[in-house]
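Asker: pasting a predicted model and its sequence here:
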Amino acid sequence: MTKRIKLTELAEELHIEPKELVKKLKAEGFPVKTTLSSLSEEDAEKVRNLYGKKHEIIVFRKEEIEEKNKEEITPEEPKVESVEPPLEQPKKKKLVLKKKKISEELKVEEKLKLEETISETKEEKPSFIEEPSTEKGDKVSLEVEALKEEKVESFETSIQEVSRFELSQTETPLTEPSQPKTAQPSYEKRVVTEFKPRKERGFKGKEQPVVSPPKEEIVLPEEPKIGEKEDFKKKKKEKDFREEKKKAKKKSAFGKREKERIDEFFIEEEPTTLFEEKLEVELVKPKEKDKKERVSDRPPTLPPKERKIKIFETIQVSELAKMMGVKVSELIKKALQMGMPVTANQSIDADIAAILADEFGYQIERAPIEEEILLQYIPPSPEELKPRPPVITVMGHVDHGKTTLLDAIRKTDVASKEAGGITQHIGAYTVKLEDGRTLTFIDTPGHEAFTSMRARGAQVTDIVILVVAADDGVMEQTKEAIEHAKAAKVPIVVAINKIDKPEANPERVKSQLAELGLIPEEWGGDTLMANISARNKIGINELLELVLLQAEMLELKAAYDRPARGRIIESKLDKGRGPVATVLVQEGTLKEGDIFVAGLTYGRVRAMFDSYGKRVKEVTPSMPVEVLGFEELPQAGDDFIVLDSEEKAKKIAEYRQRKAREAETAKEAKISLEKLFEKLKEGELKELNIVLKADTQGTLEALQASLLKLSTDKVKVNIIRAGIGAISESDVMLASASNAIVIGFNVKPSSQARDLAKKERVDIKFYDVIYQLTDDVKKAMAGLLEPEIVEEIKGLAEVRAIFKIPKVGVVAGCYVKEGVINRNYNVRVIRDGVVVYTGKIASLRRFKEDVKEVAAGYECGVRIEGFNDIKEGDLLETFELKKVSQEL
Ligand SMILES: Nc1nc2c(ncn2[C@@H]2O[C@H](COP(=O)(O)OP(=O)(O)OP(=O)(O)O)[C@@H](O)[C@H]2O)c(=O)[nH]1
């Protein structure tokens, strides 16, 4: 491919006005029309000669590369002898080392400026007219002036990597290359810019980092082995260089810091790895203050690299290698040489990738997060919106009748009767009333499904039906359900069930609910309530009417005429059909054949079945449908987004998988007091959600009051649950779904809750002094939290027997269940999840022997300092306190 040179660039190079150049060239008979025209390199060279410009030459000699490395040189990094363009006023000389990979696509501009031809092989070796290289084989010389006569079509010559170079001593006309250059896939060129004494360095690689030449002068020191010298002219004026530098900076993918770091690296490492001629270096050493500037930019003759790789946040090492067309091993080696041990499958961030890519002549372009580009979501305009059916979840205390109610509702479905079929269990189903209105029910009753969906960021429910048995009244899980619905800001319609029972007392239920903030309409509140008997199917239609009324108030709408978006409600691996999932379409219309991404997976809709098991071709908003065609099993709560190409879908899924893996490794609490200020500062958080558990009603109330008082203009303290007793799994789930922290005051989590908190990355804080708790929250909000004292749980023992020993006290016969009990640890006595004492171990024994430590699975006798009120069944938790400086 013949490279062409823009007239504008040529004019710049020749320091004349482009228009003037056009005029002149036209007069000379060159095939140009306007300033936008371009010339072949050959012609450009003629023009240069017209203007008396000629190229200077830098002849690079190969560095003494270890034999091993020589062998390893791949086609991507061929050895090169490089030639510099002419410099106007030769003054001092100075070594300029520059490594540059230039591909076939190397810009004309770059080539023009380089004005070089480089021979790659011995056969192709050109020679200089003057100062022929003393080394044979890998030296190349070239006379650019002579090139105008040469009928060389292209200079697309591959330049081999050199580690050393050689220069002719005097500025001489350049000889014609002995042979025309052949196009090569890429070449690397090095221009020695800086020359410093050899120093100790961390690694020695066959490749050297890029160093730009000085802006004012290029002084070439004597190459020790050959002893040749050549003076070089000034390459460009200072101004030109600055401009170039600015351009390069703009184009650079590196952040300033990276760039400086690399510059420093180059300053420190580059010259020393290449030259041993200390004396020469010192003689030509540029002024200190210029040093960084010089090396941090590309020379004016070498524009910023043109080969770009677009990456999204991170990239796998192997992928980066593939994109650059280099061997993974080569890339890993290079990284290692640079002090960054990486593996092929490791994801590296864009900054690291940029440093590495630069070594191979590539520039990294950091693209916005893939998802943001590809899933760019344009919210529908009001005109696009049409009413959609409500999506309902049934919640309530155990045995209050949720399942019976869902069954009763299902039986009211006229469509089911029409279809003559029974509703399939697909996680959700629709109910069509006689008047044609439809409602969608999430088939899994209970707050667990609701919460775990919410914990994954999925909010599919529009309305919660809270089932309360009229004979039993408000119970623990009724309260929890209310809290969940409130935290999710989902309205509640109450179904007071089992009114057929003689002991039913709906009025009592109403007053209990009113105490919890759900005030019935008839009492002036806004909570819709219906008395029903799910078993006897009394009041079901009335209940559904109320639900529809509530839905009307919510003005539920969605756009129908656009690609579908929804949520995964349920998923299973079907033996015959592969991964199958129920999707609730929330927007748009889902069609057979649609390509989609869902959570970490993707696919194409092969077939769809509605809740009666009937195959359907299209599904509209609020409709649940069973979808076949997933690559892998998605998870309940995952999003489901239709895209226009499978490639996109796959890319997004892969990106998400990578992110998920990274998140897995960098597990940290969703929110913690330590991170609070950071999040507030970043505007990520506006309120601090707290799940508060305490040992007594009195302390709970006191804590609530003092915590609420801490709310400021910037952050609101929001207690989403306040309860008495041990921290439960439900507390953790609520905290997880609501991005809350759990505060236990004198209460501890059950071991299941602790495990769940670990899994869900929920931060549980333990306090036993009120002011410490309020102080911490206050400080966290102000960003003044002291180094955190972290409690490390060491072991758990169960008290199985009590021995009262006169004059000594009470000794607890324990069985160590988890971890170790060490007599130096602190100990906490927990009774029914409540901390009854915290102190020190006075003695630890096994078979009358004093021991230091007892591990899990063994029995031991424990006496606690100053505490004799120990009881059978108590748990002894040992812990250590560690200071961790906070990261705020
Ligand atoms: N008398 C009477 N019994 C009912 C009514 N609704 C449900 N039951 C009974 O209450 C018991 C529990 O009903 P379920 O529907 O299983 O309750 P649930 O809330 O789904 O229970 P879990 O799934 O265990 O949480 C069953 O024996 C039902 O027959 C009702 O309206 N009247």
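Answerer: Received it, and whenever you're ready, just let me know what you need. Residues are numbered from 1 along each chain as shown.

Asker: the ligand contacts on the protein?
Answerer: Contacts of the chain with the ligand, taken as Cβ under 6 Å from any ligand atom, map to 396, 398-404, 445, 497-498, 500-501, 533-535. In short, each C-beta sits where N, CA and C put it, glycine included.

Asker: quick check: which of these has the minimum pLDDT.
Answerer: pLDDT across the residues of the chain next to the ligand is lowest for Pro445, at 70.

Asker: show me the contacts for the closest residue to Leu554 other than its chain neighbours.
Answerer: Of all residues not flanking Leu554 in the chain, Asp462 sits nearest, at 6.1 Å (Cβ to Cβ, 6 or more residues apart in numbering). By Cβ atoms under 8 Å, 6 or more residues apart in numbering, the contact list for Asp462 reads Pro390, Val391, Ile392, Val490, Pro491, Ala551, Leu554, Leu556.

Asker: closest one of the residues you listed to Gly857?
Answerer: Nearest to Gly857 among the contacts of Asp462 is Val490, at 46.7 Å by Cβ to Cβ.

Asker: surely the closest one is within a helix?
Answerer: No: Val490: not assigned to a helix; according to DSSP: H, G, I helix; E, B strand; the rest coil it is coil.

Asker: coming back round to it: closest one of the residues of the chain next to the ligand to Pro18?
Answerer: Pro445 (77.2 Å).

Asker: wouldn't the closest one be in contact with Ile409 here?
Answerer: No: checked against Cβ atoms under 8 Å, the pair Pro445 and Ile409 is beyond contact range at 11.2 Å.

Asker: might you list the low-confidence residue ranges for the stretch 401-550 of the chain?
Answerer: 414-424, 446, 449, 456-457 (pLDDT under 70).

Asker: can you give me the helices for it?
Answerer: 402-411, 414-419, 447-455, 476-487, 506-515, 540-554 (DSSP state H, counting those that start in this stretch).

Asker: thinking again about what came up before, only the buried subset of the residues of the chain next to the ligand, as a ChimeraX command please.
Answerer: To isolate the buried ones among the residues of the chain next to the ligand in ChimeraX, judged by 16 or more other Cβ atoms under 10 Å, type:
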select :396,400,401,402,403,404,445,497,498,533,534
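
Asker: which of the residues of the chain next to the ligand sits closest to Val836?
Answerer: Distance to Val836, by Cβ to Cβ, is smallest for Val398 among the residues of the chain next to the ligand, at 29.4 Å.

Asker: Thr8 is nearest to which of the helices of the stretch 401-550 of the chain?
Answerer: helix 447-455 (59.0 Å).

Asker: what helix or strand does Gly839 sit in?
Answerer: Per DSSP states H and E: Gly839 is located in strand 834-846.

Asker: one more: Ala780?
Answerer: helix 770-782.

Asker: determine the set of other helices and strands touching that helix.
Answerer: Helix 770-782 sits against helix 673-681, helix 697-708, strand 740-745, strand 764-767, with contacts defined as 3 or more Cβ pairs under 8 Å, 6 or more residues apart in numbering; DSSP states H and E.

Asker: out of these, indicate the one that is most buried.
Answerer: The highest mean neighbour count among the helices and strands packed on helix 770-782, using mean count of other Cβ atoms under 10 Å, belongs to strand 740-745: a mean of 25.

Asker: which stretches of the stretch 501-650 of the chain form strands?
Answerer: Taking DSSP state E, counting those that start in this stretch, the strands of the stretch 501-650 of the chain run over residues 528-531, 557-559, 565-574, 578-587, 590-591, 595-598, 601-609, 615-616, 618-619, 624-630, 639-643.

Asker: let me have the ones you listed in JSON lines, extended by distance to Val827.
Answerer: Listed next are the strands of the stretch 501-650 of the chain as JSON lines, based on distance: least, Cβ to Cβ, whole Å:
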{"stretch": "strand 528-531", "distance to Val827": "50"}
{"stretch": "strand 557-559", "distance to Val827": "57"}
{"stretch": "strand 565-574", "distance to Val827": "45"}
{"stretch": "strand 578-587", "distance to Val827": "49"}
{"stretch": "strand 590-591", "distance to Val827": "58"}
{"stretch": "strand 595-598", "distance to Val827": "49"}
{"stretch": "strand 601-609", "distance to Val827": "48"}
{"stretch": "strand 615-616", "distance to Val827": "62"}
{"stretch": "strand 618-619", "distance to Val827": "59"}
{"stretch": "strand 624-630", "distance to Val827": "51"}
{"stretch": "strand 639-643", "distance to Val827": "47"}
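
Asker: cool, thanks, talk later.
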